[in-house]
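# with the input below, show me the fold.
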Amino acid sequence: MIQFKLEGEFIPLIQLLKATGLVGTGGDAQAAVIDGLVKCNGEVEFRKRYKVRIGDVITFEQDKIEVI
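Have a look, this model is predicted:
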């Protein structure tokens, strides 16, 4: 599990995927979200600009990101 320390109030979902290195580009992140490959707190999330906040758990393929 990857732990990501959030500096502000939130981070957009596609930026989080890029910041953790799970995708190479913003386009890759957008495609993953649109294709339904990303889950937020166990639910498939299709919104690219979803505001990820402290306590959220994001799942992408085999990786999990815990936002702290």
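
# quick one: residues contacting Val33.
13-14, 17, 45-48, 50 (Cβ atoms under 8 Å, 6 or more residues apart in numbering). C-beta: built from backbone N, CA, C; applies to glycine.

# ranges for the strands of the chain?
Along the chain, the segments classed as strands by DSSP state E run 2-4, 11-12, 38-40, 43-44, 51-52, 57-60, 63-67.

# about what we covered before: in helices only, show me the contacts of Val33.
13-14, 17 (DSSP state H).

# run through this structure and note the low-pLDDT ranges.
Scanning the chain for pLDDT under 70 picks out no residues.

# name the single longest helix found in it.
Determined from DSSP H, the single longest helix within the chain is helix 26-34.

# C-alpha coordinates for that one, CSV please?
Written as CSV, here are the backbone C-alpha positions of helix 26-34 (Å, rounded to 0.1, in the frame of the first residue of the first chain):
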residue,chain,number,x,y,z
GLY,A,26,-2.2,12.9,-17.3
GLY,A,27,-3.7,11.2,-20.4
ASP,A,28,-3.0,7.8,-19.0
ALA,A,29,-4.6,8.8,-15.7
GLN,A,30,-7.7,10.1,-17.5
ALA,A,31,-8.0,6.9,-19.6
ALA,A,32,-7.8,4.7,-16.5
VAL,A,33,-10.6,6.7,-14.8
ILE,A,34,-12.8,6.8,-17.9
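
# check the offset of that helix from the chain's centre.
Centre-to-centre, helix 26-34 and its host chain are 10 Å apart (Cα atoms, centre = their mean, to the nearest Å).

# for stretch 59-68, same thing?
Centre-to-centre, stretch 59-68 and its host chain are 7 Å apart (Cα atoms, centre = their mean).
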